[in-house]
Each structure stands twice: as structure tokens, then as C-alpha cells.
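A.B. asks: here's my sequence, what's the structure:
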Amino acid sequence: MPFRILFFISIFCLFLSCKKSSSEGPTVDSVKSILTAGVTKTWTLSKMFVNGTQSTLTAGQARYSKTYKADNTWVDSDGYAGTYTIPNPTAIIEITTNLPTGSRTVNYLIKSSSTTSLEVEYNIATTTYRLVFSL
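C.D. replies: I've put the predicted structure just below:
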């Protein structure tokens, strides 16, 4: 009899240790809410890293901004515009739709995000760009 009780207690403890945490991290909806504040939100470039080294922003780069809208469109201060999707909580896929040469897709890895800061990274050929945006 004591063996059965010990066995069931062990199984119960094992079950509890396998239980998922209630804080599983960001969701696609929470990332979209951070990007758009539910309607529209404009982010300004505050830092840029090229292959891990911080670059000094030019005057134009320091004024660069990107606005994300809840309807899954975006526009930037250079006049480019397009659509975006958030396939998972760590990615943004942007399609620029108004380039003279056609559309272009950029896959961003979200390094961190909060209501006041957005850090993304993307690669072009052998160069890695990390952009930090703030409000």
C-alpha cells in the first residue's frame, strides 16, 4: 500500500513538473499591438549596427521613420510603402510595393520589442543590419 501512494505521488509530481509555464512569451497579436498601438504607430531610427558594429547615424538616417498601421500596411519617411505580415512572434515580413523596379521583400528578425522600442535585424548578402527604433 505505501508503495502505491509513493508511486502516485511521484507520478503527480512528474506531471506538475511538465506543466507549461503560464508566461509563454509574446504572441503574434501582442507583437502587432506593439507595432501599431491598435491603429498606427510611427517609429524613429535611433541606432544602427552593421555586422555588429554601431554606425553613427547621418542626419538623414536620424530623421528616418517608419509607420506601421493596423491594416497591415506601412510607410516610411523616404516615401516607400507596402504591406507586412507577422508570421510568428519573432518575425516581420515586409513587402515594399512602390519601388520603380517592382516589389521587394525583407525578412526581419525581431530581436526585442516593447511599447517604446523595436529592434530588428535583417541580412543582405553577407551583411547583417540591426536597426533600433524608438518613439
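A.B. asks: make it CA atoms for all contacts and neighbour counts henceforth
C.D. replies: OK.
A.B. asks: any idea how far the helix or strand harbouring K32 is from the chain center?
C.D. replies: Here K32 sits within helix 28-36, counting by DSSP states H and E. With CA atoms, centre = their mean, to the nearest Å as the basis, the distance from the averaged C-alpha position of helix 28-36 to the chain average is 9 Å.
A.B. asks: buried stuff in the helix or strand following it?
C.D. replies: Following helix 28-36 in sequence order, the next helix or strand is strand 40-50 (DSSP H and E). In terms of neighbour count (16 or more other CA atoms under 10 Å), strand 40-50 has its buried residues at T40, K41, T42, W43, T44, L45, S46, K47, M48, F49.
A.B. asks: next, work out how far apart T127 and A37 are.
C.D. replies: Remark: distance between T127 and A37 (CA to CA, to the nearest Å) = 31 Å.
A.B. asks: between these two, who's got more neighbours?
C.D. replies: Comparing T127 with A37 by other CA atoms under 10 Å, the one with more neighbours is A37, at 16 against 10.
A.B. asks: if anything else comes up later, I'll come back, but that's it for now.
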